[in-house]
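Undergrad: here are the coordinates; sequence isn't available:
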């Protein structure tokens with residue numbers, strides 16, 4: 001009986017220590033997932049990310065939407081997890097269209113873009129995880145549109 005008690009005490013002690021480490025890690029990672037603003041400025045180096053998470057050929061939702069201009073069918077804007085991109089040759093090459101856009105990769109993720117044509121100007125709206133932005137297509141500079149006090 002003494003041997004059973006001693007063994008169960010040892011087992012309980014070390015199993016509890018392992019479980020404490022596991023539960024602490026789960027708690028910390030859960031807090032980080034529920035409050036992404038705490039870690040949004042932190043970037044993991046690419047060598048530390050597994051190969052199947054690397055962006056190749058616009059995979060992993062790096063491109064989710066594309067809008068072509070009515071005036072120039074070779075000019076288009078694309079959006080996705082990597083932000084907003086512009087093409088002037090019908091989609092053969094792309095370049096970054098993120099002047100004054102959020103610098104954090106988390107807030108750069110663009111969920112949708114919308115093109116608005118007024119009588120004299122064209123505007124591109126972008127809904128990102130970092131807020132709502134508008135760009136006049138003539139100057140290409142993004143401006144943040146304040147919707148409320150907090151990011152939702």
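TA: Yep, it's here. The model shown is predicted, which means the values in this text are computed figures rather than measured ones. Numbering: from 1, shown residues only.

Undergrad: Dihedrals phi and psi, residue 119?
TA: In terms of degrees, to the nearest 10, the main-chain angles of residue 119 are phi -60, psi -30.

Undergrad: got a pLDDT number for it?
TA: As predicted, residue 119 sits at a pLDDT of 79.

Undergrad: burial of residue 50, as a residue count?
TA: Taking other Cβ atoms under 10 Å as the neighbour definition, residue 50 ends up with a count of 6. Where you see a C-beta, it was placed from the backbone N, CA and C, and this is true even at glycine.

Undergrad: before we move on, what SS does residue 27 have?
TA: With DSSP: H, G, I helix; E, B strand; the rest coil as the basis, residue 27 sits in helix.

Undergrad: mind listing the helices for this structure?
TA: 2-34, 105-108 (DSSP state H).

Undergrad: Tell me which of those helices lies nearest to residue 120.
TA: helix 105-108 (29.8 Å; Cβ to Cβ).

Undergrad: hmm, who's touching the closest one?
TA: Around helix 105-108, the neighbours that count as contacts under Cβ atoms under 8 Å, 6 or more residues apart in numbering are 36, 39-40, 43, 81-83, 98, 101-102, 128-131.

Undergrad: just the buried members of these?
TA: Taking 16 or more other Cβ atoms under 10 Å as the criterion, what is buried in the contacts of helix 105-108 is 40, 81, 82, 83, 98, 101, 102, 128, 129, 130, 131.

Undergrad: lowest confidence element among the helices and strands of the protein?
TA: helix 105-108 (a mean of 86; mean pLDDT, DSSP states H and E).

Undergrad: Show me how far that one is from its chain's centre.
TA: Centroid displacement of helix 105-108 relative to its chain, using Cα atoms, centre = their mean, to the nearest Å, is 4 Å.

Undergrad: do the same with stretch 91-99
TA: Relative to the chain's own centre, stretch 91-99 is displaced by 18 Å; criterion: Cα atoms, centre = their mean.

Undergrad: same question, stretch 107-115
TA: Taking Cα atoms, centre = their mean, one finds the center of stretch 107-115 at 10 Å from the center of the full chain.
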